[in-house]
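A.B. asks: What follows is a predicted protein model with its sequence.
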Amino acid sequence: MRGMKLSNQEIAGIFYEIAEFLAMENIQFKPRAYEKVASAVESLDESVYDIYKKEGLKGLKNIPNVGESIAEKIEEIVKTGRLKYYEELKKRTPIDLKGLEKIEGLGPKGIRKLYKEIGIKNLDDLEKAAEAGKIRELDGFGKKAEENILKGIEFAKQSGSRFILGYAMTEISEVIEGIKSLKEVQKIKVVGSARRKKETIGDIDILVQSDSPKPIMNYFVGMPGVVRVYDHGENKSNIRHKNGMDMDLRILPEESFGAALLYFTGSKEFNIELRKIAVKKGEKLNEYGLFKEIRNKKEKRIAGKTEEEVFEKLDMQYIEPEMRENQGEIELALRNKLPKLIGYGDLKGDLQIQTNWTDGSNTIEEYAKEAIKLGLEYILITDHTKRLAMTGGLDEKGLLKQIKAIDKANEKFKNKNFRILKGSEVDILKDGTLDIKDEVLKKLDIVGASVHSYFNLSREEQTKRLIKAMENKNVDIIFHPTGRIINRRKAYDLDIDEIIKTAKRTKTVLEIDAYPDRLDLKDEHIKKCVDAGVKLAIDSDAHAIPHMHYLKWGIAQARRGWAIKNDIINAHPLGKLLKFLKQ
DNA sequence: GCCGTTTTCGGCCCGACTGTTTTCAGTCG
């Protein structure tokens, strides 16, 4: 095999681009076929190189939506690192497709026209042509189109990555509160990827139930912070907010609200599958409801008021929003075999908290009081250890001192059915040993260990390092196992399957760090752990009191990984939790 | 290009809004 190995993500990118090129040529159905493959490759948890190595062409064809022709194309990529078909398409139309399609309102047909008629290849060309007034002269374009292109270029220049859900939610809530205050609003709900609790979101979709949409729409497009209005209709409007987010508002009446909720929550692939199920039953599903044709083409709405009703009429179980990704959940729902996901109120404790003994802002007691308010029964204090000098990490002596302080603090909560547990976030050194002696670790209730250095070790070394830490009998949990920070730092290179295998063998728990920009493990890793029977902990990683409220984002991530209550050790009462741990 | 309780050909999810149309194509989600 020659050339650079492409990631699944990059290969998916190629197929997305091919879809786009084919759409430009006005070719029917093929673009959709390539898109589907791109999305399937993107969500694989095994590299296509590994699949090909193990099972060859046949393995590739087992990827959903991959047939003869595309399997061969993937094979070519694996073998040569290139794809001739793609390169020829690019040669025929040598343009910066990815850049140009960022412009809102500009699609494949428009891009093709701009290239064919006035030779526009990239955003620079486009900007110059628009400024020179050349766009408006083209058939099918006009003055308005030219203006929109200029605005689009400006936004494309300043818009960056996707937004982190847990952080964006605060600002979203303000907008929601504003809309909610209108008397015409009967119900309001954030839908789209935010309701599915994806870790990052591209835009905000909002759904309102109302019988008089007009005043609501008028408020929405004119509310404070709106910098651009893309659409302003009776049922649907779309704006850009000054915080950089695009927001979509749809308004429907009560009889359609459930169907609309279902539709606008997505995912797109999930919706398409659901609609196909309806079609097979001779019915039609859209955002207004589930419809059955009665005599002479007249339709009757058989469901639509609630999501539950629509699922029921489709003869399937209710599917939680976090699962709606068309990753097998639909089949399970049809067979009445869905797992019962861990609930948002199911946690009994928080197992990662940093106090003012190191780099946290609050005292042990303050955290305990907040935990009681949140309905928790225990917390684990996990301050950093000595190698992390910049946090004032504790050494053996410091830890022993903290143990005594916790004993004393526990006196105060005796009557409250609440316990503060003694723990630590021990540093895993380069060779996999720990920076605190075993004889001290032994005295703690629960020990978490994590990596804070040498992020650039080779996959083999990094994996070995973590395995060694897991093999330590005192280590109960590995905190933030992959080390990624969303939009800021890549995960360190790790053989996650080996880590999961070792976790199973050594009875080590892996953490779902609930901090909004960590969410480490990722949903697909969680799914693997659940399948392998590896236990997980959901922790806030709080460095201050408000951070304890992040636990819900960890639960959301666990639900996206199909975890049930029994998979999460801190969903258990204290006694049962302690039995799970090593020794 | 893929896929199959309408199986190896003939389908492929469905609807809102805009701009430039004079009944609709393109784009988006």
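C.D. replies: Received it, and whenever you're ready, just let me know what you need.
A.B. asks: give the contact list for the closest residue to DNA strand B within the stretch 201-350 of chain A.
C.D. replies: Of all residues in the stretch 201-350 of chain A, A:Gly233 sits closest to DNA strand B, with a separation of 2.3 Å (C-beta to the nearest atom of the strand). For the C-beta atoms, the positions are set from N, CA and C on the backbone; glycine is no exception. Listed by C-beta atoms under 8 Å, 6 or more residues apart in numbering, the contact set of A:Gly233 reads A:Met217.
A.B. asks: from what I can see A:Arg459 touches A:Ala491, true?
C.D. replies: No: assessed by C-beta atoms under 8 Å, A:Arg459 is found out of contact with A:Ala491, at 11.1 Å.
A.B. asks: more crowded one of these two?
C.D. replies: Set A:Arg459 next to A:Ala491 and count neighbours by other C-beta atoms under 10 Å: A:Ala491 wins out with 18 against 12.
A.B. asks: what's the model's confidence in the top strand by length along chain A, averaged?
C.D. replies: Using DSSP state E, we find that the single longest strand of chain A is strand A:419-427. The predicted model gives strand A:419-427 an average pLDDT of 96.
A.B. asks: which residue does the stretch 351-500 of chain A bring closest to DNA strand B?
C.D. replies: For the stretch 351-500 of chain A, C-beta to the nearest atom of the strand, closest residue to DNA strand B: A:Asn487, 20.1 Å.
A.B. asks: For that residue, the count of nearby residues, please.
C.D. replies: Neighbours of A:Asn487 using other C-beta under 10 Å come to 12.
A.B. asks: The residue lying closest to A:Val229 once chain neighbours are set aside: what secondary structure?
C.D. replies: Closest residue in space to A:Val229, ignoring its immediate chain neighbours: A:Val221 at 4.8 Å, by C-beta to C-beta, 6 or more residues apart in numbering. Following DSSP: H, G, I helix; E, B strand; the rest coil, the label given to A:Val221 is helix.
A.B. asks: Can you list the low-confidence ranges for the stretch 1-150 of chain A?
C.D. replies: For the stretch 1-150 of chain A, applying pLDDT under 70 flags the ranges A:1-3.
A.B. asks: Close to DNA strand B: what parts of it are there?
C.D. replies: Applying C-beta under 7 Å from any atom of the strand, we find that the stretch 1-150 of chain A lies next to DNA strand B at A:26, A:28-30, A:32-34, A:36-37, A:64-71, A:101, A:103-111, A:136, A:139-145, A:148.
A.B. asks: of these, buried ones?
C.D. replies: Among those, those that count as buried by neighbour count (16 or more other C-beta atoms under 10 Å) are A:33-34, A:36-37, A:66, A:70-71, A:101, A:103-104, A:106, A:108, A:110-111, A:141, A:145, A:148.
A.B. asks: which residues touch A:Arg419?
C.D. replies: A:377-378, A:410, A:413, A:574.
A.B. asks: TSV for these, including distance to DNA strand B and secondary structure?
C.D. replies: Output for the contacts of A:Arg419, formatted as TSV (distance: C-beta to the nearest atom of the strand, whole Å; DSSP: H, G, I helix; E, B strand; the rest coil):
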residue	distance to DNA strand B	secondary structure
A:Glu377	41	coil
A:Tyr378	42	strand
A:Asn410	51	helix
A:Phe413	48	coil
A:Leu574	44	helix
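A.B. asks: Who wins on neighbours among those?
C.D. replies: A:Tyr378 (23 neighbours).
A.B. asks: List phi and psi for the residue lying closest to that residue once chain neighbours are set aside.
C.D. replies: Excluding its sequence neighbours, the residue lying closest to A:Tyr378 (C-beta to C-beta, 6+ apart) is A:Gly349, at 4.0 Å. Backbone geometry at A:Gly349, expressed as degrees, to the nearest 10, gives phi -160, psi 170.
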